[in-house]
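Novice: what follows is a predicted structure for the sequence shown.
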Amino acid sequence: MITEIIFYTFSSILICAALGVVFFRNPVYSAVSLILSFITSAFLWFLLESEFLALILILVYVGAVMVLFLFVIMMLNINEQKTNSRFNTIAPLALSIGLVVLIEMITLIWLKSNQFTETAVIISAPSSENNTLELGKLLFSEYIYPFEIAGFILLLGIIISISLTLRTKKGKKTQIISKQIDIDPSKRVQLVDLERGNN
């Protein structure tokens, strides 16, 4: 019963955070709401005993993707008023979201404590092996070809994005390493004997 209450509470927070991403006019507020939605989704994965997916969601999306989003938002000059605004304008929202995340973490730790040993889990994992090991076995045995295809598609996307953003300028000096290695060291420096002037 307690697990269901916590699950529906986290789900409500996730829905509200997702709506905040869409309806906030300030892009920084939307990014912070998206961080809350990612963290709440990870906590829901923890409730489902999928620790690997939850940690990947926090490390990859919150730790890397959202930092990139915030850098892009801060680099874009959307509005001078928003650019020149101080941290105090976003501090109440950031503190409230941090408080919500802290309450969610305390709730998860409290739920996983020893006083709820008799509470039935939503999905029971095998006692001998964890779900990360099972996921790795399935990923590198039955789903190895889709995994390799996904990696190739990501690599192709990286190459295409680099080729689209690469700009070549006329008269641009480039470094040719082979010519630098094959050059004669005696020709690199020219010694000139200057006549001394009469003192």
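Specialist: Perfect, I can see it now.
Novice: give me the distance between residue 71 and residue 193.
Specialist: Using Cβ to Cβ, to the nearest Å, residue 71 is found at 56 Å from residue 193. C-beta coordinates here come from the backbone N, C-alpha and C atoms, glycine included.
Novice: any idea which helix or strand in the chain has the lowest mean pLDDT?
Specialist: Ranked by mean pLDDT, DSSP states H and E, the weakest helix or strand in the chain is helix 80-84, scoring a mean of 48.
Novice: who's more crowded, residue 71 and residue 193?
Specialist: Between residue 71 and residue 193, counted using other Cβ atoms under 10 Å, the more crowded position is residue 71 (10 against 5).
Novice: so who does the more buried one touch?
Specialist: Contact partners of residue 71, counting by Cβ atoms under 8 Å, 6 or more residues apart in numbering, are absent.
Novice: need the CA coordinates for the helix or strand harbouring residue 162. CSV is fine.
Specialist: Using DSSP states H and E, residue 162 sits within helix 144-165. Only the C-alpha atoms of helix 144-165 are listed here, as CSV (Å, rounded to 0.1, in the frame of the first residue of the first chain):
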residue,chain,number,x,y,z
ILE,A,144,23.9,-7.9,-30.1
TYR,A,145,23.0,-7.0,-33.7
PRO,A,146,20.5,-4.2,-32.7
PHE,A,147,23.0,-2.9,-30.2
GLU,A,148,25.7,-2.7,-32.9
ILE,A,149,23.3,-1.1,-35.4
ALA,A,150,22.4,1.5,-32.7
GLY,A,151,26.0,2.2,-32.1
PHE,A,152,26.7,2.6,-35.9
ILE,A,153,23.7,5.0,-36.2
LEU,A,154,25.0,7.1,-33.4
LEU,A,155,28.5,7.2,-35.0
LEU,A,156,27.0,8.1,-38.3
GLY,A,157,25.1,10.9,-36.7
ILE,A,158,28.3,12.3,-35.1
ILE,A,159,30.1,12.2,-38.4
ILE,A,160,27.3,13.9,-40.3
SER,A,161,26.9,16.6,-37.7
ILE,A,162,30.6,17.3,-37.8
SER,A,163,30.6,17.4,-41.6
LEU,A,164,27.6,19.8,-41.7
THR,A,165,29.1,22.2,-39.2
